[in-house]
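*Asks:* Show me the folded form of this:
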Amino acid sequence: MEQLDGLGMVWSHQDVAFEEGLTAARAWAAVHGHLLPPATAVWDGYPVGAWAKNQRYAARAADTNARRRDAGLLVPSSAGALTEARRAALEEIDPGWCPVWDTGWQRCFRLVQNLLQDGGVLPVVVGKVIVQGEDLGRWVAAQRLGWEQLLPAQQWLLENVLGIEPAEEAERPVRRTQDDMWALNLTAARQFHGREGHLRVPRKHAEHLEMEEGPGGRQGGAEGVVVVKLGMWLDNVRKRADRLTEQRRADLDQLGMRW
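*Replies:* Below you'll find the model as predicted:
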């Protein structure tokens, strides 16, 4: 064996393939600050994103096998499961390389963490801080507004590592009722009719309404502007015309609605 090793003997092609991926992973992480590459990521011609994704699958297979053993259940096969030595090599690069939650969430978390560690401030404005293709301000806002959907461990990380707190009730978007939505769409229809003189709206047409309410009540677009997909709404109304109240039908008839 020593003589063959001296000649560069390859004993396991799988081990060689893993070492090639590990080399690319180390180089990628050294530049990007984490080992959470998108699946499409390539480093020096090597598909490091796909490789890392496969290693996460293997790690989860190993975890499943361990849980079955602990429960006294039979493990059908350990083929494809990540070995402890390989897991240790990956954790040496990035301890959070295989999160129990979505990899995209962990990537944004690490990017914000790296930003703060480098002396930056917490991004809170959408579209202002884009790192590695991720809008960090949008991500921070999404965590604050979707706090209840996060796991307790994620909430702990956001609070204690990044200093992010859940959004106050006053910051949350106003939820419109069905009657509110009908009134909004009808206002858009009246605006279109007043400008064009008819209600023959193309399906892809979107009407822009200037609204007086604050940012919490708008649906999208620029501040104080609500974008209403008027053509699509009218098509949907026609499909459920038999379920409309007499008043709603009358309101649209006044605008020359084509049923």
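*Asks:* Straight-line length of stretch 4-21, end to end?
*Replies:* 24 Å (CA to CA, to the nearest Å).
*Asks:* Residues contacting it, please?
*Replies:* 1, 46, 48, 51-52, 55, 86 (CB atoms under 8 Å, 6 or more residues apart in numbering). Where you see a C-beta, it was placed from the backbone N, CA and C, and this is true even at glycine.
*Asks:* which of the residues you listed are buried?
*Replies:* 46, 48, 51-52, 55, 86 (16 or more other CB atoms under 10 Å).
*Asks:* all strands of this protein, in order?
*Replies:* Here the chain has its strands, by DSSP state E, at 130-131, 134-135, 207-210, 225-228.
*Asks:* Any idea which of the ones you listed gets closest to Gln155?
*Replies:* strand 134-135 (20.2 Å; CB to CB).
*Asks:* which other residues reach that closest one?
*Replies:* By CB under 8 Å, 6+ apart, strand 134-135 touches 107-108, 111, 126-127, 129.
*Asks:* what do you get if the cut-off is 10 Å, keeping everything else the same?
*Replies:* With CB atoms under 10 Å, 6 or more residues apart in numbering as the test, strand 134-135 has contacts from 38, 104, 107-108, 111-112, 123, 125-129, 141-142.
*Asks:* Next one: Asn65 from Ala79, what distance?
*Replies:* 10 Å (CB to CB, to the nearest Å).
*Asks:* hang on, I meant Leu115
*Replies:* Counting by CB to CB - Leu115 and Ala79 are separated by 41 Å.
*Asks:* what does Leu151 give?
*Replies:* Taking CB to CB, one finds Leu151 at 31 Å from Ala79.
*Asks:* follow-up on the earlier one: same list, the strands of the chain, but as CSV with mean neighbour count please.
*Replies:* Conversion of the strands of the chain to CSV gives the following (neighbours: other CB atoms under 10 Å):
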stretch, mean neighbour count
strand 130-131, 14
strand 134-135, 17
strand 207-210, 15
strand 225-228, 18
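*Asks:* Identify whichever of these lies nearest to Trp147.
*Replies:* Minimum separation from Trp147 across those (CB to CB) falls at strand 134-135, 18.8 Å.
*Asks:* Quick one: distance of that closest one to the chain centre.
*Replies:* 10 Å (CA atoms, centre = their mean, to the nearest Å).
*Asks:* Check stretch 141-155 too.
*Replies:* 13 Å.
*Asks:* Using PDB, write out every CA atom in that stretch.
*Replies:* Extracted as PDB, the C-alpha positions of stretch 141-155 are listed here (Å, rounded to 0.1, in the frame of the first residue of the first chain):
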ATOM      1  CA  ALA A 141     -38.500  43.800   7.000                       C
ATOM      2  CA  ALA A 142     -39.900  40.400   6.100                       C
ATOM      3  CA  GLN A 143     -38.500  38.900   9.400                       C
ATOM      4  CA  ARG A 144     -40.000  41.600  11.500                       C
ATOM      5  CA  LEU A 145     -43.500  41.300   9.800                       C
ATOM      6  CA  GLY A 146     -43.500  37.500   9.700                       C
ATOM      7  CA  TRP A 147     -42.100  37.000  13.200                       C
ATOM      8  CA  GLU A 148     -44.900  34.600  14.300                       C
ATOM      9  CA  GLN A 149     -44.000  32.200  11.400                       C
ATOM     10  CA  LEU A 150     -40.400  31.800  12.500                       C
ATOM     11  CA  LEU A 151     -39.100  29.000  14.700                       C
ATOM     12  CA  PRO A 152     -38.100  29.900  18.200                       C
ATOM     13  CA  ALA A 153     -34.400  29.400  17.400                       C
ATOM     14  CA  GLN A 154     -34.700  31.800  14.400                       C
ATOM     15  CA  GLN A 155     -36.400  34.400  16.600                       C
END
